[in-house]
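K.L.:
Got a predicted model here, sequence first, then my questions.
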Amino acid sequence: MSQVAETATPTEDDATYDGLRLRGVTKSFGSFNAVTDLDLDIPRGSFFALLGPSGCGKTTTLRMVAGLETPTAGTITLAGQDITYARPYRRPVNTVFQNYALFPHLDIFENVAFGLKRRKVKGIEEKVREMLDLVELDTQARKRPAQLSGGQQQRVALARALINEPEVLLLDEPLGALDLKLRRAMQIELKRIQTDVGLTFVHVTHDQEEAMTMADTVAVMNLGVIEQMGAPQDLYENPETTFVANFLGQSNLIEGAIKSRSADIVVADMNGIDVSIPAGRSHTDGDRGWIGIRPEKVLIGDPGEQLDAPGNSVPGGVVTDVSFVGVSTQYLVRMPWGQELQVFQQNTGHRRLYRTGESVDLSWRPEYAFLLDISQDASAGADQVDD
Amino acid sequence: MMWLRRNIVLILGLLVLVYTFIPIFVVVLMSFNDPSSRNVYRFDGFTLDNWTNFCGPAGMCDALWKSVQIGFLATLVATILGTLAAFALVRWDFAFRSSTNLLIFLPMAAPEIVLGSSLLALFVSAGFAGQLGFWTILVAHIMFCLSFVVVTVRSRLAGMSDTLEQAAMDLYATPQQTFWRVTFPLVFPGILGAALLSFSLSFDDFIITNLNAGTETTFPMYVWGAAQRGVPMQVNAVGTLMFVVSVVIVVGGELNNRRRQRALA
C-alpha cells in the first residue's frame, strides 16, 4: 500500500478557494480504477506538474479537469464553481494536447482564432496577431499546420489554448514529440510564458527532469494515487516513499532495524553499523525500515580515511564497477552484506579515482539520509524512470 | 533482348491501357459516325449530326433524363442516410453494432439478380405490382447505394481520430459547432466520393432496375432495348458526354488534391 501524501493545507470553505480543487475524485473504467480517491489543490497562478509513469492516471486526471472524461465519483471545483459535470465547452479550461490536435483544414490564424470565434469575442484579428507574436509565429499565419515543424506546431497548440485566457491551462505531455534540444528550449519558453501571463498551468509529464525544472509544485502519481507532492527540491531531498525515491533520480535503499527514536534523531542498525536519520526525514513507525541515501551524497575514500562526514561511516566496501561520465564518476560498491551501492563522485580533481577491486570506505552525512517504510517495494519506480 | 527485359513492364502497362481505352475510343469515334445502315456497326463517314440532333432517337432523351433524375435523387437520399449511418457505426457503441455492420455489407456482396428479384417480390407482395416505375426504381437504387456510402464514409471517419473533436470542444465549440466546423469539413471528401460513386452506380444499373421498372425506361434499359434493333449513334454521343464529365470530375478532383497536398507539404 502506498501512502497517500497529504495535500496542501485545504482551505475549509470551498467557495473561497480560488484555485483548482479535486476532492475524492475516482475514475473507473470497468473494474479498473485509473484514478482512486484523489484530493488535489492547485493554487491559482501556479505551475503544477503531475508526474508519473505511463498508466499512472495522470492523463485521466487531466482529462477530467478538461471535461473530456466524467469522474465516477468526487468533485472538481474551479474558483469555487463546481465543474465536475460541466460540458468541456462550458469550462474556462483549455488544453494543449499531446499530439497538438491542430485542425488540419484550417490555417494557423484560424486555428488560433478558433476559441475566440466560438465565444464571439471582439477584436479577434488583433488578439490573434498579438498571440502569434508572443510565440514568434507571426509570419506563419496563413500556413497550414502540416507545413510547420514540430516545434512550431507545438507553439501553435500553445497559442491556440493561451489566447482564451483560461483559468487553468492543461498541458498533456506537450513536449513529448520534440527532440531533446528543442524540448529544453521549449521548457524555458513555457516557463517564461507562464510567468508572463500568470495563468495556472497544470502540466502532465513522465519526464522527471522536465517536471522538476518547470514546476513550482510537483505531484508524483503512481497507480492512480498521489505518492507525494511538494516543491521539486523537497521531493528529491526528502522522498516519502520508495517509489518517489527511485522515480525521481536514484536512491540506495538499505534495510535497517530501528534501535532508538528521539525527538529529532532516529538511530538504526544497518547490518551492524549504527546510522542516524533526522526524525523529520523518517517516514515509518515500524521497527524496521529502508535507509535511503542519494548516490551523490555518498562519499568514497580509502579504508580508515577520515572523510568529511561526521556520522554515518560504512567500512568494508569493494569497488565492483566504475563508469567515468565526465562531470562525475559513478561507482558500484559491494558492501559486506552483499548489496551493491551506487556512489557518484564529482570530478573536482581533488579526489583520486578508484579502480575495480579496490577496498573503500563509504560515508554520508546523517542529514542526507531518509527512512522509508519497509513494506514498500525497494525497487518501486526504479525501472520506470524515463521511457 | 536487354531492351525488352528493361521495358517489359512499361510495354505491358501500355498494352493494358490500350485494351482499356479502345472501347471508349470506339464510342467517341462512333459519336461522329454517319451510318449507312442501322444494323451494321461500322464507321461510314464523319458527321456532327449525332451531336446536333442529340435527342433525335425517339425516347432516348426521356430515358436519359429519367436516369439523371433517379441518379440524383438516389444519390441525395443514400448519401444523407449513409453518412448518418456511418457516423452511428463509428462513433456510437450500441447493441447489435457488429451485426449492423454485416447487414450493411450484404447488399454489396449479394448478386444483383438476387437483390432485384427479391425486391420485386417485396413490391408485389406489398401490393405495388401495378405501381412499379419511377418510385420503385428509386427505392431500389437508394437501397444498394446506401451500402457503398456507408463503407466509404465509414473508412474516412475511422481514419480520423476524435482528438480533433475533443480539441474543438475544449475550445468552446458546442457539439453542433464541432460537427460543422471540424468533423464535417474533414469527412467531406469521403462524403463527396460516396456521392459520386452512388450516382454512377445508380446511373448505369440495369439488372435491378429492369426487374422493378414496370413500364418506366431508364437510359441503360433504353440502350439495351435499342441494341436489339441497332443502336442509334446518339447513344455514343451520350457515352462520350458521360466519359468527358467523369474525366473532368476525376482530373478536377486530382488537381484540387494536389493543390492541397502542395499546401500541406
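P.N.:
Now that the structure is in, tell me what you want to look at. Predicted, not measured: the structure shown is a model, and the values here were computed from it.
K.L.:
Give me the most central residue, the chain.
P.N.:
Defaulting to chain A. Nearest to the mean C-alpha position of chain A, by Cα atoms, centre = their mean, lies residue A:51 at 3.8 Å.
K.L.:
My question was about chain B, not that one.
P.N.:
By Cα atoms, centre = their mean, the most central residue of chain B is residue B:200, 1.8 Å off.
K.L.:
can you pull the pLDDT of it?
P.N.:
Per-residue pLDDT puts residue B:200 at 91.
K.L.:
Please name every helix or strand in contact with the strand or helix carrying it.
P.N.:
For residue B:200, the host element (DSSP states H and E) is helix B:184-203. On a contact count with 3 or more Cβ pairs under 8 Å, 6 or more residues apart in numbering or on different chains; DSSP states H and E, helix B:184-203 meets helix B:60-91, helix B:134-158, helix B:234-264. Quick note: C-beta positions are derived from backbone N, CA and C, even for glycine.
K.L.:
Next secondary structure after that helix?
P.N.:
helix B:207-212.
K.L.:
for the record, mean pLDDT for that next one?
P.N.:
Averaging pLDDT along helix B:207-212 yields 92.
K.L.:
residues from the stretch 101-250 of chain A in reach of chain B?
P.N.:
With Cβ under 8 Å from any Cβ of the partner chain as the criterion, the stretch 101-250 of chain A meets chain B at residues A:101-105, A:114-115, A:118-119, A:144, A:146-147, A:160-161, A:164.
K.L.:
out of these, which is most surrounded?
P.N.:
residue A:160 (31 neighbours; other Cβ atoms under 10 Å in any protein chain shown).
K.L.:
ok but that residue is inside a helix, no?
P.N.:
Yes: looking at residue A:160 with DSSP: H, G, I helix; E, B strand; the rest coil, it is inside a helix.
K.L.:
Against chain B, how distant is residue A:123?
P.N.:
17 Å (Cβ to the nearest Cβ, to the nearest Å).
K.L.:
May I have the phi/psi pair for that residue?
P.N.:
Per-residue torsions, residue A:123: phi 70, psi 40 (degrees, to the nearest 10).
K.L.:
What count of nearby residues applies to it?
P.N.:
Neighbours of residue A:123 (other Cβ under 10 Å): 9.
K.L.:
what's the closest of the residues of the stretch 101-250 of chain A next to chain B to residue A:257?
P.N.:
Residue A:257 lies nearest to residue A:161 out of those, by Cβ to Cβ, at 52.8 Å.
K.L.:
which regions of the stretch 201-350 of chain A sit below the pLDDT cut-off?
P.N.:
The stretch 201-350 of chain A contains residues with pLDDT under 70 at A:309.
K.L.:
Next, the closest residue to chain B within it: secondary structure please.
P.N.:
Here the residue of the stretch 201-350 of chain A nearest chain B is residue A:202; by Cβ to the nearest Cβ that distance is 13.5 Å. What three-state DSSP gives for residue A:202 is strand.
K.L.:
bridging residues for it?
P.N.:
residue A:48, residue A:170 (DSSP bridges).
K.L.:
In contact with it, which residues?
P.N.:
A:20, A:42, A:48-50, A:62, A:65, A:168-171 (Cβ atoms under 8 Å, 6 or more residues apart in numbering or on different chains).
K.L.:
coming back round to it: distance check, the residue nearest to the centre of chain A against residue A:232.
P.N.:
Look at residue A:51 and residue A:232: by Cβ to Cβ, to the nearest Å, they are 9 Å apart.
K.L.:
Give me the neighbour count for residue B:156.
P.N.:
Using other Cβ under 10 Å, residue B:156 is surrounded by 20 other residues.
K.L.:
And it, how close does it get to residue B:82?
P.N.:
Per Cβ to Cβ, residue B:156 is found 12 Å from residue B:82.
K.L.:
Relative to the longest strand anywhere in chain A, what are the paired strands and their orientations?
P.N.:
The longest strand of chain A (DSSP state E) is strand A:312-324. Sheet pairing for strand A:312-324, assigned by DSSP bridges, gives strand A:328-334 (antiparallel), strand A:359-364 (antiparallel).
K.L.:
Make CSV from those strands and add distance to residue A:140 and mean neighbour count to it.
P.N.:
Shown next, in CSV, are those (distance: least, Cβ to Cβ, whole Å; neighbours: other Cβ atoms under 10 Å in any protein chain shown):
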stretch, distance to residue A:140, mean neighbour count
strand A:328-334, 42, 19
strand A:359-364, 53, 20
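K.L.:
Can you tell me how far the closest residue to residue B:74 other than its chain neighbours is from chain A?
P.N.:
In space, and not counting its chain neighbours, residue B:74 is closest to residue B:141: 3.7 Å by Cβ to Cβ, 6 or more residues apart in numbering or on different chains. Between residue B:141 and chain A the computed distance is 32 Å (Cβ to the nearest Cβ).
K.L.:
What residues does residue B:141 make contact with?
P.N.:
So residue B:141 contacts B:70-71, B:74, B:78, B:201-202, B:205, B:208-209 (Cβ under 8 Å, 6+ apart).
K.L.:
and these, which two are the farthest apart?
P.N.:
B:78 and B:209 (14.9 Å).
K.L.:
where in chain B is pLDDT low?
P.N.:
Within chain B, the segments meeting pLDDT under 70 span B:38-40, B:261-265.
K.L.:
before we move on, the earlier item: if I look at residue A:51 and residue A:232, which residues touch both of them?
P.N.:
A:211, A:218.
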